[in-house]
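1. Need the 3D shape of this:
(one chain, ligands or ions: 2)
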Amino acid sequence: MNYRNDIRNIAIIAHVDHGKTTLVDAMLKQSKVFRNNQAVGELIMDSNTLEREKGITIMSKNTAVVYRGVKINIIDTPGHADFSGEVERVISMADGCLLLVDSVEGPMPQTKFVLRHALQRGLTIIVVINKIDRPNSRIAEVTSLIQDLFLELATDMDQLDYHVLYADAKEGTAVTEPGMPGKDISPLFDCILANVPPPQIESGPFQMLVSNLDSDSHKGRIAIGRIWRGKVASHDTVVRVNADGNMDYYEIAEVLTYLGLKRLKVDQAEAGDIVAVTGIEKVSIGDTIASPEQPSALPRIEVGEPTVEMTFGVNTSPFAGREGRFCTTRQLRKRLYKELETNLSLRVQDTDSPDTFLVKGRGELHLAILIETMRREDYEFEVSKPEAITKVIDGKLVEPVELLTIDTSEEYIGVLTEMLSKRQARMVDMRNDGLGNIRLVFQIPTKGLLGFRSSFLTSTRGDSIMNSVFLGYEPLRGEIISARNGVLVASEPGSTITYGLNNAQERGLTFIEPGTLVYEGMIVGLNSRLQDIPVNVCKEKKKTNIRSSTSDIAVKLTPPLKMSLEQAIDFVNRDELVEVTPENIRLRKKLLTYSQRLRSISATRLSIK
Ligand SMILES: Nc1nc2c(ncn2[C@@H]2O[C@H](COP(=O)(O)OP(=O)(O)OP(=O)(O)O)[C@@H](O)[C@H]2O)c(=O)[nH]1
Ligand SMILES: [Mg+2]
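-> Ligands and ions are numbered 1, 2, ... in the order given. Now for the predicted structure:
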């Protein structure tokens, strides 16, 4: 075995928001990959529009810096549990990981998930306690909690011998001892060079595993991955081995390596490096690209199973086809199946209805991001309420269960525990830091968590944080009765009028403004009672000849409650749908007319009897 001393490959892993992408900023800025006058901003690697809007990383991405003559390939990963598949997908390119932990929050559920994964793969871990500048940072306590986590998860003794650094990623500094004044990020670079093993390489013909895909309008599809054996140059003939073990031949067009935010064209690249190659039009993640001399496949990338499913269907509302460019079954189907090439933890299935597809993901956010992406690409479609995916293990029907962590204050303990017990949650831990900050930990079936986020945010007035990670499967328990109130349903099509909306506001909250086009069966508000009721929001005030002194005073409407896509998905019940178009997100009943809904209710009652 040989080593490439001129390279280190590291992945940055952590719980959501602990500062991974900010740390990459610091490494990039210090290694002077930008021109002096270049305005680069923050969270440089979060380049996708949705990532910038939401301030979270959704997709793993590669970059590289050179420090003391050594190239450090860096892989930034997302911290949100719904995108765990991204971490599982790229971690195989690395030999070491930087495990970031927020100096206030300490290790969180996703910290444990990613650390377990990295340790199982035998990667060298460097712990970086980040955000040490935060006023209430508790470095000593967090250090000991991390130690406990290693004791629990380590698969061999050597793994307990990890290095710890302390960073203020925002400032771009890292130190080896707490309390030391920070100068720059070089202690982190030095630690990486000294402790992360250089890539081991096998000699022999070329072999690489495709861990990521990109595309370019000129270069076509770009396959990204680590070279495990041999070398590759442009014009080389290679074999692609796909999931079924089938092989086809291609000629490599270009070989590119990473530096800063750029990909540089190189004559050739060798084992140990992370490269991007073009010219292989039909490549998928997990495929092996190898020399025809020895075209053996590397083990494919395994990612965890999806836990939540919902249907995506052709828009069947009376407004269908008005706002989107891609609205047909064929277009919807093609787009969904294309997503599978890069979104490894997603599954798509045809259903009995040719216009509807079952889409399975790792959580509501995972599916919501796909919906939002498609909407921005001009697709129009409808989606159902997300449901937890049950399966059969050893002849028993089981359902996914998650660990839910809530950081809140004392005053909300009562309301939260009551809400959660209705959702079949069981409290497993409660900690008070003595200052009124509480951390509650629950075990909860995924189905209980669906639809919880919006009521959580309203009942804690937005100042609590919730996080959940997949735990495993447990025998299926009974249904959860929906705690949501009924809805206000438009009874007539037309354009909404202040007068009609004002009448609706006497019944509950409304979701739309005057002048909005509605159709019969569209949901326009939330009732203050449990039943759904039809309301005519297009109703005009009757004109009379007699002017009354009071009734003509302009009515003042309460501003409507506008839902985001995620809130809309979280809100709907089984007999409802979310209509998604590039311009609007509408909520509707599946059955549009009042008489259809009445008939369906009496049919259900009859079948219960
Ligand atoms: N005070 C302080 N804030 C920091 C530090 N590092 C990051 N932040 C802030 O923490 C927030 C989250 O930072 P990100 O770098 O996006 O975190 P992340 O781990 O990449 O998040 P995900 O990719 O979504 O999991 C941002 O508002 C940063 O400005 C730090 O050292 N100190
Ligand atoms: Mg990030």
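2. helix or strand for the residue in the stretch 501-609 of the chain that ligand 1 sits nearest to, which one?
-> Residue of the stretch 501-609 of the chain nearest ligand 1, by CB to the nearest ligand atom: E566 (15.1 Å). Just so you know, the C-beta spots here come from the backbone N, C-alpha and C atoms, and that holds for glycine as well. For E566, the enclosing helix or strand under DSSP states H and E is helix 565-571.
3. Pull out the buried positions in that helix.
-> If you call a residue buried by 16 or more other CB atoms under 10 Å, then helix 565-571 has these buried ones: L565, E566, A568, I569, D570, F571.
4. And these, which is closest to ligand 2?
-> Closest approach between the buried residues of helix 565-571 and ligand 2, by CB to the ion: E566, at 18.6 Å.
5. And for the closest one, nearest residue in space, chain neighbours not counted?
-> The shortest distance from E566 to any non-neighbouring residue, by CB to CB, 6 or more residues apart in numbering, is to A368 (4.7 Å).
6. Please tell me how far the one you found sits from ligand 1.
-> 15 Å (CB to the nearest ligand atom, to the nearest Å).
7. you'd agree that residue is up against A568?
-> No: in this structure A368 lies outside contact range of A568 using CB atoms under 8 Å: 9.1 Å.
8. Would you mind naming what in this protein lies close to ligand 1?
-> Proximity of the chain to ligand 1, by CB under 6 Å from any ligand atom, involves residues 14, 16-22, 43, 56-57, 78-80, 130-131, 133-134, 168-170.
9. filter the residues you listed to the buried ones?
-> Among the residues of the chain next to ligand 1, those scoring as buried are 14, 16-22, 43, 56-57, 78-80, 130-131, 168-170 (criterion: 16+ other CB under 10 Å).
10. In the stretch 151-300 of the chain, what residue lies closest to ligand 2?
-> Closest contact between the stretch 151-300 of the chain and ligand 2, by CB to the ion, is at A169 (10.7 Å).
11. dump the residue contacts of that residue.
-> When the contact criterion is CB atoms under 8 Å, 6 or more residues apart in numbering, the partners of A169 are G19, T22, L23, D25, A26, L100, N130, K131.
12. how would you label the nearest residue to V16 once chain neighbours are set aside: helix, strand or coil?
-> Among residues not flanking V16 along the chain, G79 sits closest, at 3.7 Å (CB to CB, 6+ apart). For G79, the assignment made with DSSP: H, G, I helix; E, B strand; the rest coil gives coil.
13. still on that earlier bit, inside strands: which ones of the residues of the chain next to ligand 1?
-> Among those, the members falling in strands (DSSP state E) are A14, N130, D168.
14. Tell me how far the last one lies from I185.
-> Here D168 is placed at a distance of 10 Å from I185 (CB to CB, to the nearest Å).
15. Tell me the residues that contact both of those two, please.
-> Joint contacts of D168 and I185 (CB under 8 Å, 6+ apart) are A174.
16. Give me the neighbour count for D216.
-> With neighbours defined by other CB atoms under 10 Å, the count for D216 comes to 12.
17. Next, the contact list for it, please.
-> D216 is in contact with I222, T278, counting by CB under 8 Å, 6+ apart.
18. what's the offset of the longest strand along the chain from the middle of its chain?
-> In the chain, assigned by DSSP E, the strand with the most residues is strand 396-409. Relative to its parent chain, strand 396-409 has a centroid offset of 17 Å by CA atoms, centre = their mean, to the nearest Å.
19. residue ranges of the strands in the stretch 401-550 of the chain, please?
-> Residue ranges of the strands in the stretch 401-550 of the chain, as given by DSSP state E, counting those that start in this stretch, are 426-432, 437-445, 465-475, 487-490, 494-495, 508-510, 517-518, 522-527, 533-535.
20. and these, which is most packed in?
-> Highest mean neighbour count among these (mean count of other CB atoms under 10 Å): strand 487-490, with a mean of 26.
21. Can you give the distance from it to the centre of its chain?
-> Chain-centre distance of strand 487-490: 31 Å, with CA atoms, centre = their mean.
22. before we move on, what about stretch 76-84?
-> 6 Å.
23. Compute the first-to-last residue distance for it.
-> From its first residue to its last, stretch 76-84 covers 13 Å (CA to CA, to the nearest Å).
24. quick one: average confidence on it?
-> Averaging pLDDT along stretch 76-84 gives 93.
25. For the closest residue to Q200 other than its chain neighbours, which residues are in contact?
-> Take Q200 and drop its neighbours on the chain: the residue closest to it by CB to CB, 6+ apart is M1, 5.3 Å away. For M1, the contacting residues are Q200, I201, E202, by CB under 8 Å, 6+ apart.
26. Let me know the helix or strand that the residue nearest to N212 when sequence neighbours are not counted is in.
-> Excluding the flanking residues, the one nearest N212 by CB to CB, 6+ apart is I224, at 4.0 Å. Taking DSSP H and E as the criterion, I224 maps to strand 220-229.
27. need the helices for the stretch 101-250 of the chain, in chain order.
-> 109-120, 139-153, 186-195 (DSSP state H, counting those that start in this stretch).
28. for the stretch 101-250 of the chain, which spans come out with low pLDDT?
-> Applying pLDDT under 70 to the stretch 101-250 of the chain flags no residue at all.
29. where in this structure is pLDDT low?
-> Within the chain, the segments meeting pLDDT under 70 span 33-39, 544-554, 606-609.
30. what residues does it put near ligand 2?
-> Within the chain, the positions adjacent to ligand 2 are K20, T21, T57 by CB under 5 Å from the ion.
31. now, which of those residues lie within helices?
-> With DSSP state H as the criterion, helices contain K20, T21 from among those.
32. And stretch 411-420, what's buried?
-> For stretch 411-420, the buried set under the neighbour-count rule, 16+ other CB under 10 Å, comprises Y412, I413, L416, T417, M419, L420.
33. In contact with the fourth one, which residues?
-> The contact partners of T417, by CB under 8 Å, 6+ apart, come to M427, L440.
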